[in-house]
Structures are given as C-alpha cells and as structure tokens.
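Colleague: Test case, fold it:
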Amino acid sequence: MRSRILLVAIALILAGCESSSGGNDNGTMDGGAPADADPNAPDADPNAPDADPNAPDADPDAPDADPNAPADCTASEGRCIDYQTRRYCSQGEWQDEQCPAGSGCVAGACVVGACSDECNLGDTNGGAHCELYDIDSSSWVIANAMNSTHDRARVYTQWLRRDSLAFGGVGNARYSDAPTYNNVVYLGGIGDSALWTGNYLAAEALRLKATGAADARANLIELVDTLHLWFNVSGDPGLLARFAMPAGAFHPATLGDMQCSEARVFCDVDYNGSQYDYIGDISRDQYQGVMVGYALAYEALGSDDEATRALIREDVVELVEELMKERTVPVKIVVNGTPLSTTNITLRFVLLDSRELNDGSLELRLDTNSLENSNVLGFREFAPNMAHMIRQIPGFGITPDIRRSGTAIMLMSFFQVALKVTENIPAYASRRNAIYDYYTAAQGEGGNANDWLEIAAEWVYTGSCGDGYYGNNITMEPMYNLVRLETDPGRLATIRNDVLHGRMWNEFENTKNCFFSFIYASTFPGASTSIASDAALQLAGFPPPPRVVVAVDLRSTAKYLPHESGCTDQTDHDGAVDVADRVVGDFMWQRHPWGLFSLPDLAGTFPGIDYLIAYWLGRKENYISDDNEGTCLVWR
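Modeller: Numbering: from 1, shown residues only. This next block holds a predicted model:
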C-alpha cells in the first residue's frame, strides 16, 4: 500500500498541476493505423542534412554574422517603415520609398486607400501623440472599439501596454478606482507572465504578418528582448524564468508573486553585468507560450531583423540541446520530512535548476498527507513517458508506462522550432544536423520523434465538468507549431489526420473556441470553410476593453437550456456559451465554455491577450477582414 501511495505521489508531482498534462496526458486509447501520406506534403524532408556527408560543417562555436552589419536582401522582401513609407529590395540593397498621396504602406507595399499602424494608440513621443488617421479623408478619427473589431484590437493593445505591462512582462491589472480604471494598484498573474508574454509576442508576430505594421515590428523586438533575458537570467541553460526585473526596481503597482522572501523568487542575481530579481520554479506551460511566440516571431521577421532572429535562435537551440542530453544525477527522496535514500538515476528531456539542487542532488519531497505540499526540486522535465524516470527509484522498477500525449506534442514542437530557426544558417549547420539526427533516430529509453508520435496519437481529454480544461490550450499551442513545421510526410499525415483532426477537433468542434478553430482551419487541409467563418462571427462578440470581471448569470437563459447533468451551472456539453456571454477569465480559450454563473470583481481586469491572439490569427489567415480599412495609427 505504501508503495502505491508513493507511486501516485511521484507521478502527480512530476506531472505538475500547471504542466502540459492537464486532462490530456492520461489517455490510453490506441492511436489507430497511420493515415495515408498527405498528398500536399513535400516529397522530401527539407530538414534532412545536406546530401554530401563528407562536406565539412561550419564551426558550431563560431558566432553568427554581425547582426549590426547591413543585411543582404532578396527581391521578395519589403517592410513598412511608417504608415506611408515602404522599404524594398532593389539589386540586393534596401531602398526607401514614400507612397503617393492617398496610399499607405501595407505588408511592405504601397496600397491605394489603405495603410498600417506606425505607433501604439495613446503613446506619446515628445510632443507627438499616436492617434487614428483616415487616409481617404485625410482626417483624424476616434477608434471605435464597440463597432470595429480592428479598433477593438488597437484599444486592447492600448490598455495592455498602459496598465498590464511591468518591465516588459504581462500581468492582470487591478484598480482602486473602478469604474474609471485609471489607477492600477496591483498586477496579478506575474507568476505566469512568461506564458502570457509569449502569447502577446505571438499576437504581435501575427499582426506583423497580416499588416506589416511598423509598430508591430517594434513591439515584437521589445518582447523578444524581454524573453531573451528571462531565458538566460538564471544562468542555467534552457531554464526559463517566469518573470524578471532589474533588482529592486520601482513599479507604481504592487507586483504579485514578486517578493524576495518567497522560496521561488531569486533576488540580486548577476547577469550580463547587471543584477536582476526573478521568479523561478518554472513549469512546462510557461514554455508553450514562449515557444509559439518565438516561432511566429522568427517567421514574421526578415533579413533586416537578424539581430532579433539571432536571439531567438540562441535560446531555442540551447533549450533543445539541453533536452537532448543524457545525464546521471543523484536524487534524494524525502517522505514526510524523513530522508529515505539517495539514488542515481539517468535522465533525458530535463533542464537542471542549480539553485534548487541540494548538495548537487535533485530532491523529491513527498508528503503523503497532502500532495499539495509535495514537490520536486532541481529540474524540470519534458518526458513523454514519465515511467522511465520512476522505474529507476528503488522499489518502483515495475511501474507501468505513464504516457503523456500533451508532453509528447510539446517536445516534438520544440525540436521543429529549433530546426526552423537554424535552417540555412551556416554557423549552426553541425548543431542543426545533430538536432535532426536526434529527432529522427535517437535510440534508448525515450526514443525519438516516431516514438513520441505514438504517444501523441493517444491524446484524449478526460476532464469532468471542465476540470483541467486549461490543459487543452497547453497542448493546442505547441500543436500549432508542430503541424505547421513538421516536414516528414508520414509524421505530418499522422499529426494532421489522427491527432489534430481525429482526436482534438472531435473534442473542440462544438465549443465555440475561436482560437482553436482558427488553428484547425489553417492547418488541416480538409477543414470546412464554415469553421473559420463561424469562429469569426463568434469572435466579433468578444466584449471591448477594459476586460472587467463582471457578473454573469445565464442559468435561466433559454438558449442555454438544458443544463449538463451532474455539473453545477453549466450548459449542456453538446453546445457552448457564446463568446459574447462567457464567464470572464484570464484567457478565454483555456477556460471551459459551459459556465453559466460567476460573481463580479469590478476592480479586477484581464489584459485581452485572448482577443489579440485570436483576432490576429484570423486576420493573418484572411478569415477576418479589416472592418476599418483606410485607417491607421499615426504620430500627430
């Protein structure tokens, strides 16, 4: 009995309540036979190493080319410098051109009757203010967040940047003066800031792809700089911080979770010639937001942005190379405060946290009376089959497989992002080949992408009454990277047909989850056009900012009858509550869609990252049209 209790405890602790397991890593269903190869998939894998096996690789330790040197360009490249100036490539050199009267710059081209934003609404620069300009009438207009979905995105960005950013990271603003909402006294959610800052980066990258807006590019570069700091401030390779700030820096609002007395907060840490305070104890879900942001940002940037792309490349490659390492480390096991043993175990897919090590050992602390008080110190893991670790602990050699589909999807996606950001980069050729070889052919416990895909194909949502629904978002975001970037025809067919379509979409089809719908519609070739159009209509009902925690009571609303049996205040799970009527939460797409009742908290708000990422994905894929075309944000 004691062994069984310990086994359950170890499994739950390593899974982590905020990890990618959610309700998705407990599935044991068969994935089915692989589907036929996707006819639209490439004939050959472009990630494969060069054909000449004897060709020398570039020195893996050699630095990238000087990012500040003038970048070569190709004829297809173009960018917007401001609302009416485009930069284009002519004979391998950059040239600037001011667009004719009545035209503006959109996606690097001069377009009649259209333009893209050059600044963030409400920003000031010296004596200039960022305001909305109508290029057709040559007049200044007011942004209408109530009636225009584009203006709604602009105003959400204004609120976010004004009140919900602290030292570059996203939080949840709490006010002392509701309903005027001018005085922020507290920023909550800072302990999850890496996740939401990464999602904000993703939204700005999608906006840059959709519009070419100069301010989207500037915001993107700032966010990458922030996340690059967070990826490196701990000093441990690949170990992301939840949030970081200059040591002891002043912020007018109280920053929740950011007290140096807390065990997971590390203060006065030296990094790159300065000192920082940061929140550690990272969990897997924080990585999925950053990695989707990094991948989309890298794709949105061009050759003129190599300095920023180099930062992304550095962080992603270091992360994946750490996960590739096999290492043997001592683990101390402590049960109810009593040390039991120290044993050496061999680990793959882990990141070590040196500040949590106990005399060089990992530590597994178990409280059999309260699993909430149990934890693991010294590493974070991304193991698709957690039993490979547990079996090495004395007494647990017969532990059955603990296969986690969400983690398998996340791990595969990390490797694919690493292959993407090193493509055609000579200085990384040797390291890229090593990543590719590991991904496709690694042997031993843990295996390679083909083994991970077998586990991914078992995905199933097992939550009851919406429990653990957030795990679906933790899986869907890396799935978006994986299904876009995987190039092997066989694996891609399985990912698309068996996992995304056959399992995930069957679960989400009727949930009115606009973000998931846009991901599915843009990556599954057979998706019905009505999926994206229905999602666009739902997203149009997303309320304008500020995103206040208002009361919701739909328990007697006819269209949400009958209620789900056995679930308190939830509509029948064959349908979902409309986006316009939803219970207010931090990120709508990670909260279940069936809730009918919630109490108000009028001082509390959320930053609207959920609207921004869904809206700009819809715009980038042309599922949503610009309903205020011809207007752009301009310095006045």
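
Colleague: residues in contact with the most centrally placed residue in the chain?
Modeller: With distances taken as CA atoms, centre = their mean, the chain has Gly289 as the residue nearest its mean C-alpha position (1.8 Å). If a contact means CB atoms under 8 Å, 6 or more residues apart in numbering, then Gly289 has Ala194, Leu195, Trp196, Thr197, Gly198, Asn199, Ala202, Glu477 as its contacts. For the C-beta atoms, the positions are set from N, CA and C on the backbone; glycine is no exception.

Colleague: And for Thr226?
Modeller: Residues in contact with Thr226 (CB under 8 Å, 6+ apart) are Phe167, Gly168, Gly169, Thr197.

Colleague: is it possible to export the residues you listed to JSON lines including neighbour count, distance to Asn120 and pLDDT?
Modeller: Shown next, in JSON lines, are the contacts of Thr226 (neighbours: other CB atoms under 10 Å; distance: CB to CB, whole Å; pLDDT from 0 to 100):
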{"residue": "Phe167", "neighbour count": "18", "distance to Asn120": "17", "pLDDT": "98"}
{"residue": "Gly168", "neighbour count": "19", "distance to Asn120": "14", "pLDDT": "98"}
{"residue": "Gly169", "neighbour count": "29", "distance to Asn120": "17", "pLDDT": "98"}
{"residue": "Thr197", "neighbour count": "26", "distance to Asn120": "16", "pLDDT": "98"}
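
Colleague: Which of the residues you listed fall within helices?
Modeller: Judged by DSSP state H, the contacts of Thr226 include Thr197 as members of helices.

Colleague: I'd like the contacts of Thr226 written out as JSON lines, with distance to His388 added.
Modeller: As requested, these are exported to JSON lines (distance: CB to CB, whole Å):
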{"residue": "Phe167", "distance to His388": "39"}
{"residue": "Gly168", "distance to His388": "37"}
{"residue": "Gly169", "distance to His388": "34"}
{"residue": "Thr197", "distance to His388": "32"}
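
Colleague: Return the closest of the contacts of Thr226 with respect to Val269.
Modeller: Proximity of the contacts of Thr226 to Val269 was ranked by CB to CB; the top entry is Phe167 with 14.3 Å.

Colleague: I figured that closest one hits Phe250, correct?
Modeller: No: Phe167 is beyond contact range of Phe250, at 10.6 Å (criterion: CB atoms under 8 Å).

Colleague: Am I right that the residue nearest to the centre of the chain sits in a helix?
Modeller: Yes: counting by DSSP: H, G, I helix; E, B strand; the rest coil, Gly289 is found in a helix.

Colleague: quick one: the residue lying closest to it once chain neighbours are set aside and Glu204, what's the gap?
Modeller: Spatial nearest neighbour of Gly289, excluding adjacent residues (CB to CB, 6 or more residues apart in numbering): Gly198 at 3.2 Å. As judged by CB to CB, to the nearest Å, Gly198 and Glu204 stand 11 Å apart.

Colleague: can you check Ser522 too?
Modeller: Look at Ser522 and Glu204: by CB to CB, they are 18 Å apart.

Colleague: Next, the contact list for Tyr439, please.
Modeller: Here Tyr439 is in contact with Met412, Phe415, Leu419, Asn448, Ala449 (CB under 8 Å, 6+ apart).

Colleague: If Leu351 is in a bridge, with which residues?
Modeller: When bridges are called by DSSP bridges, Leu351 pairs up with Arg380.

Colleague: roughly how far apart are it and Val320?
Modeller: Separation of Leu351 from Val320 (CB to CB) stands at 11 Å.

Colleague: and if you look at Ser522?
Modeller: The gap separating Ser522 from Val320 is 25 Å, by CB to CB.

Colleague: what do you get for Val584?
Modeller: Between Val584 and Val320 the distance is 37 Å, computed by CB to CB.

Colleague: Compare those two and say which one has the larger neighbour count.
Modeller: Val320 (24 against 20; other CB atoms under 10 Å).

Colleague: Please, which helix or strand holds that one?
Modeller: Assigned by DSSP states H and E, Val320 belongs to helix 306-324.

Colleague: what's in contact with the helix or strand just after that helix?
Modeller: As assigned by DSSP H and E, the chain's next helix or strand after helix 306-324 is strand 327-335. With contact meaning CB under 8 Å, 6+ apart, strand 327-335 is reached by 6, 339-347, 350, 352, 358, 360-366, 368, 378-379, 393.

Colleague: Can I have the buried ones of those as a ChimeraX selection?
Modeller: Selection of the buried residues among the contacts of strand 327-335 in ChimeraX, burial being defined by 16 or more other CB atoms under 10 Å:
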select :6,340,345,347,350,352,361,362,363,364,365,366,378,379,393
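
Colleague: what is the mean pLDDT for the helix holding Val320?
Modeller: Helix 306-324 shows a mean pLDDT of 98.

Colleague: residues making contact with it?
Modeller: Applying CB under 8 Å, 6+ apart, the contact partners of helix 306-324 are 64-65, 67-68, 71, 220-221, 224-225, 227-228, 231-232, 237-238, 287, 291, 294, 297-298, 301, 348-351, 382, 411, 414-415, 417-418, 421-422, 425, 428, 431, 434-435, 438, 442.

Colleague: bridging residues for the residue nearest to Arg636 when sequence neighbours are not counted?
Modeller: Closest residue to Arg636 apart from its sequence neighbours, by CB to CB, 6+ apart: Glu131 at 4.7 Å. Following DSSP bridges, Glu131 is listed with bridge partners Val634.

Colleague: residues near Glu131, how many?
Modeller: Counted with other CB under 10 Å, the neighbours of Glu131 add up to 17.

Colleague: got it, and the one 4 residues further on?
Modeller: Ile135 has 23 neighbours, counted by other CB under 10 Å.

Colleague: repeat for Pro543
Modeller: Neighbour count for Pro543, taken as other CB under 10 Å: 18.

Colleague: Double-check it against Arg582; I have them as touching.
Modeller: No: at 9.0 Å, Pro543 does not count as touching Arg582 under the criterion of CB under 8 Å.

Colleague: Give me the contacts around stretch 514-522.
Modeller: Stretch 514-522 is touched from outside by 472-473, 476, 479-480, 500-501, 504-505, 508, 527, 529, 531-532, 534-536, 538-539, 579, 588-589, 610, 613-614, 617-618, 621, 623, with contacts defined as CB under 8 Å, 6+ apart.
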